[in-house]
Structures are given as structure tokens and as C-alpha cells.
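S.K.: just need the structure, nothing else, for what follows:
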Amino acid sequence: MLARRALFALVAGLGALTVAPAAAAPKARTMPTGRGPSAVAVNSVTGAVYVANGDGSITVLGRDPVHVGGTPGDLAIDESTGRVYVANLLAGTVTVLDAAGALQSVVPSGVGAAVLDVASDDNKVYVGSGRTGSVGVVDTIGSVLDALLSGPGQGFGGVRVDAGRQLAYLTNIDGNSVEVLDLAAGDFVASIPVGQAPTGLALHTASNTLYVANSGIHHLSVVDCATRTERTTILLRSEASAVAVRQSDNTVYANGGPDGIVRIDGSGGKTSGELSLGINPGGVAVDQRTGTVYVTDPVHDQVHVIDGF
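M.R.: Prediction:
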């Protein structure tokens, strides 16, 4: 028979085990947008979220949509100024908005302006064409097209700028590759084979790792930017077209779940969770400060706002 003190210690220990809190489940809510939302971007300094809609409008979440015309596609934010840059494929322009969503200017940016990213320190926006292999370089101070660079392929599906290393990465949809642009030289310097029909991509700057959503196959490519090779692939349950990464802990989010999003441990290179949203989601963005994930729902004209995932 156990001594009284030992029995008390055992019961106390069991009690401590039974009351340990379980991990909190993710909390998701929805917010309305314009019709057919596609891309989404978040200003992690202010928390403002911007959504490009298929009806020619931009939604600043919590406010009425702002009509900008055309077919707005990709979005990028200069967090140092709060300005929002919107690619317009049909017009071949970039629309510049202030932080509140008010129109600042419209800049011609080359035929088929489809995807873009900001180099804040250099006061540049790099705009990849969805119809040619060209890249427009927009001067954000003068709001003018500074240069139009020639590149490979018949259209780009995504772009990410690494301003610190003076490089940009663009997905070549038809070439099944990521093209590397040297920003200082203004030339393409390498081509990295990845999966089928690559589109969205996200860069984890600390590890110099690129995550590439291959929209034609069920896996995500993980690219070592130092060696410019595909390090590995991560199997998903559905094709992914959009991906985002939280810089603080290298957590990756992609729309590669069968009816929602998938979370990936970037350091371990493995899927770490799935969250069903009941639809095939569109764009994905993450607030670097709060960890909140935003996912567009083009079927129901809304954005899913997800905390704790």
C-alpha cells in the first residue's frame, strides 16, 4: 500500500495532468469585399488589409470598395509610405493608392502588367507581365516607368523582391521555372527548375528560402536561393496558386488544402496543419506583426480572417 504522502503526490500529479490546457483552435470570421476577390495584401505596420476584386474595385477591409477600373490583379504595399500598388493586366498599368484607398496616380507599366512587388529602400516597384517576359521598373517617387526589362517566357505568375540581396524572383508559368533578376544589373542571371505551372511565391529572408506554389501539380517547391536549386518538395492535397510566409518563425501558408488552406513548418519542411474553409480559396496573406492570416473567397465575395493558426 502506498504511503499517505506518496499517494497525495500521485493524485496531485494526476490532477496537474488533467487540467493542462489544450491548444486553442483557430478562430475564423469573414468580412465582405467586392465581387470576385482575388489577391490580398496586408500592411503589417498599420494592420490595414487590401483586396483586389474582379469588379474593378479595391476593398480596404472594413470600408466600402473603391472603384479603380479595369481588372485589378496583384497588390503590393510600401510599408514605409503606406502606398498601395495595384497591377492592371488589361490596361498595362499600375494604380497607386494612398493608405486610405484614395487614388494617387496611374503609371503605364508595360503590356500585361500582372504581378508586382516593392523595393521600398530603392523607391522601385517591379512589375512582371502576364503576357510577355518583360518586367517594368516603376520609380515610386516620380510615379513613372523607369525601365522595361526583357526576360524569358510568355508571362509571369508571381514576383518577390529581395531588396537586401538586390535580387527578384519571378515565376515563369510556361517554363516551369523561377527566373532570377539581378536588380543592380537589370538582367536575368539564372533560371531555377520547379514544379508545373508555378504562380505565387513567398520569400523567407532570414533562411534565404523561396516557397513556390505550383498550380499544375500537388506540391510546393522549396528553393534554396543561395545555391539556386530546388531543395525539396512538399506534397499537398490540392494544387496551390498562392503562398505566404511569416518571417518570425518561417511558418508557411498556402491555398493547397482541398477546401481550405494548409500550414507548413518551413524549418522542418513538413505540413503542420490544415483548415477547412468550405471553398477553394484564392489569395493568401499574413500579418507579420499579429500572425493573422487573410484568405480571399471568390465564391462568396468575402475574406476569411483567421487567428491562431
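
S.K.: quick one: low-confidence ranges for this protein?
M.R.: Scanning the chain for pLDDT under 70 picks out 1-23.

S.K.: what segments of it are helices?
M.R.: With DSSP state H, the ranges of helices along the chain come out as 4-18.

S.K.: just give me the residue right at the centre of it.
M.R.: Ala244 (3.9 Å; C-alpha atoms, centre = their mean).

S.K.: so that one versus Gly291, what's the distance?
M.R.: 11 Å (C-beta to C-beta, to the nearest Å). C-beta here means a position set from N, CA and C on the backbone, and glycine is covered the same way.

S.K.: ok, now Ile173?
M.R.: For Ile173, the distance to Gly291 - C-beta to C-beta - is 30 Å.

S.K.: neighbour count for the two, which is higher?
M.R.: Ile173 (21 against 16; other C-beta atoms under 10 Å).

S.K.: got phi/psi on the more buried one?
M.R.: For Ile173, the backbone dihedrals are phi -60, psi -50 (criterion: degrees, to the nearest 10).

S.K.: enumerate every residue touching the closest residue to it other than its chain neighbours.
M.R.: Nearest-residue entry for Ile173: Gly157, 4.5 Å, with adjacent residues in sequence omitted and distances by C-beta to C-beta, 6 or more residues apart in numbering. Listed by C-beta atoms under 8 Å, 6 or more residues apart in numbering, the contact set of Gly157 reads Ala114, Val115, Gly130, Thr171, Asn172, Ile173, Ala197, Pro198, Thr199, Gly200, Ser215, Ser241.

S.K.: can I get those residues in JSON lines with distance to Ala48?
M.R.: Formatted as JSON lines, the contacts of Gly157 follow (distance: C-beta to C-beta, whole Å):
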{"residue": "Ala114", "distance to Ala48": "23"}
{"residue": "Val115", "distance to Ala48": "21"}
{"residue": "Gly130", "distance to Ala48": "26"}
{"residue": "Thr171", "distance to Ala48": "27"}
{"residue": "Asn172", "distance to Ala48": "32"}
{"residue": "Ile173", "distance to Ala48": "30"}
{"residue": "Ala197", "distance to Ala48": "32"}
{"residue": "Pro198", "distance to Ala48": "29"}
{"residue": "Thr199", "distance to Ala48": "25"}
{"residue": "Gly200", "distance to Ala48": "21"}
{"residue": "Ser215", "distance to Ala48": "28"}
{"residue": "Ser241", "distance to Ala48": "24"}
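
S.K.: pull out the buried members of those.
M.R.: The neighbour count (16 or more other C-beta atoms under 10 Å) marks Ala114, Val115, Gly130, Thr171, Asn172, Ile173, Ala197, Pro198, Thr199, Gly200, Ser215, Ser241 as buried among these.

S.K.: please name the bridge partners of the fifth one.
M.R.: Read that as Asn172. On the basis of DSSP bridges, Asn172 is bridged to Phe156, Ser177.

S.K.: please apply the same query to the second one.
M.R.: Going by DSSP bridges, Val115 is paired in beta bridges with Gly128.

S.K.: could you shift the numbering so residue one becomes 423, and keep it that way?
M.R.: Done: numbering now begins at 423, and the last item shifts to Val537.

S.K.: just to revisit the earlier point, you'd agree the residue nearest to the centre of the chain is up against Asp709?
M.R.: No: the pair Ala666 / Asp709 is not scored as a contact, 9.8 Å apart, by C-beta atoms under 8 Å.

S.K.: list residues touching both of these two?
M.R.: Counting by C-beta under 8 Å, 6+ apart, the shared contacts of Ala666 and Asp709 are Val715.

S.K.: now do the end-to-end distance for stretch 704-713.
M.R.: Between the opening and closing residues of stretch 704-713 there is a gap of 19 Å (C-alpha to C-alpha, to the nearest Å).

S.K.: in this structure Ser551 contacts Val516, no?
M.R.: No: using C-beta under 8 Å, Ser551 makes no contact with Val516, being 11.9 Å away.

S.K.: identify the contacts common to those two.
M.R.: Joint contacts of Ser551 and Val516 (C-beta under 8 Å, 6+ apart) are Ala535, Gly558.
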